[in-house]
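Asker: Return a 3D structure for these sequence lines:
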Amino acid sequence: MGGRRWRTTAGLTVAALALGACSAGLAQSSQAAGGTQAATRTGQWTSESRQWRDDDGRRRLQLNLRTDGGRDRWGFGVRLADLQGLPEAAADGTASGVAFSLRREAGTFRFEGSFDDGRGAGDFRFTADPAFASAMASLGYRDIPADDVMRLAVLDVSSTFAREIRDAGQTGLSLDDLRRFRIHGVSAAVIRDLASLGYRDLDPETLVRFRIHGATPDVIRAYQAAGLRDLSPNDLVRLRIHGVTKEFIRDMAARGYRDLDAEDLTTMRIHGVTVAEVDELASLGFKDLSTEDLVQFRIHGVRPAYIREIRAAGISGGDERDYVQMRIHGVSVAMLKDARDDGDTITSARDAVQYAIHGRRWRRR
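Answerer: Got it, this is the predicted structure:
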């Protein structure tokens, strides 16, 4: 199935979530528990022949649901073992007249249909469980709309999950917060682990951003072991977005770039500074460049190849600032050749810059 994918701690993969309210195909029966209506929703399901194994090693099947009317669609991976009554041959082969179910705390999905070469299709019916409404009401989530009950079931948001998140310190969350936590794998264990590393009382948005960008407790420990302590949440996210790894920090430290802060590391990665290029520059005599010099080289295109070409064209000497100036003013091998053809012999970086600025007038200077 196309679209963006997310992993949860329960191994749930969700794609193309359409969370807008829809009343099509909804048959409701009033149920007093917690003031929430128990509901039955109907629609069509399909499954893909593609399967995978998640972190727990269990096989999963991709299910796609569409409610009657087609306005609500969900795609999610579910363990084959959780599909009660599914014939063993159905997931990989051909089976007709199959009936199986998926039980969630929020309610039960019942599926009917057939499989052909591992691809399935048919109709489904979801029936909400009134006990779920009571359990959620005890946690403060009263009068849950019937549409939301099915969404919670798709994501396997249970009252146990909501209670664990609350007990980990995340209070006053909305149902949407709980759904997003489940989609992106924010669990009570993750929240407590982050708190033990100094990241307490994070807001829901930050917790989700951490998960999206891979700012996991293990990654934070690696940063701290590399000397990056007391990083702000924004620093952590920026480090992850721009690919600052523990290996990059370690390798740069081995080349003399120690005690760099998050801003230095992020800026270098934004502009494409690599360990390999640092080594190549050192082999050309540019050792002990500052982080600012490395960034300036990248911004202005002072690459090792450029340095070699300019030297081969007869320019000797020149420090890092001279090479940046040459690139800013467009000093090239072709320009130096043209100068020689005009009878001008240019051998220094400073003269090359002056010639680039003034042309033939340079001779009179």
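Asker: residue ranges for the strands of this structure, please.
Answerer: For the chain, the strands defined by DSSP state E cover 5-7, 13-15, 26-29, 38-53, 59-67, 73-79, 83-84, 95-104, 107-116, 119-128.
Asker: Let's have these in CSV, adding mean pLDDT and mean neighbour count.
Answerer: (Glycine included, C-beta is placed from N, CA and C.) Below are those laid out as CSV (pLDDT from 0 to 100; neighbours: other C-beta atoms under 10 Å):
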stretch, mean pLDDT, mean neighbour count
strand 5-7, 36, 16
strand 13-15, 39, 19
strand 26-29, 36, 14
strand 38-53, 79, 17
strand 59-67, 89, 20
strand 73-79, 89, 21
strand 83-84, 94, 16
strand 95-104, 94, 16
strand 107-116, 95, 18
strand 119-128, 95, 19
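Asker: okay, these in CSV with distance to residue 301 next?
Answerer: Shown next, in CSV, are these (distance: least, C-beta to C-beta, whole Å):
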stretch, distance to residue 301
strand 5-7, 37
strand 13-15, 41
strand 26-29, 61
strand 38-53, 43
strand 59-67, 46
strand 73-79, 45
strand 83-84, 57
strand 95-104, 56
strand 107-116, 57
strand 119-128, 52
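Asker: Determine which of those approaches residue 316 most closely.
Answerer: Closest approach to residue 316 among those (C-beta to C-beta): strand 5-7, 55.7 Å.
Asker: picking up where we left off before, for residue 267, which of the strands of the chain is the nearest?
Answerer: strand 5-7 (29.8 Å).
Asker: that older thread, out of the strands of the chain, which comes closest to residue 296?
Answerer: strand 5-7 (39.1 Å).
Asker: can you give me the helices in the stretch 251-365 of the chain?
Answerer: Applying DSSP state H, counting those that start in this stretch to the stretch 251-365 of the chain gives helices spanning 262-270, 275-283, 291-300, 304-312, 320-328, 333-341, 349-358.
Asker: how about JSON lines for those, with mean neighbour count, mean pLDDT and distance to residue 73 added?
Answerer: Below are these laid out as JSON lines (neighbours: other C-beta atoms under 10 Å; pLDDT from 0 to 100; distance: least, C-beta to C-beta, whole Å):
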{"stretch": "helix 262-270", "mean neighbour count": "19", "mean pLDDT": "97", "distance to residue 73": "37"}
{"stretch": "helix 275-283", "mean neighbour count": "15", "mean pLDDT": "97", "distance to residue 73": "45"}
{"stretch": "helix 291-300", "mean neighbour count": "18", "mean pLDDT": "97", "distance to residue 73": "44"}
{"stretch": "helix 304-312", "mean neighbour count": "15", "mean pLDDT": "96", "distance to residue 73": "51"}
{"stretch": "helix 320-328", "mean neighbour count": "19", "mean pLDDT": "96", "distance to residue 73": "52"}
{"stretch": "helix 333-341", "mean neighbour count": "15", "mean pLDDT": "90", "distance to residue 73": "58"}
{"stretch": "helix 349-358", "mean neighbour count": "18", "mean pLDDT": "92", "distance to residue 73": "60"}
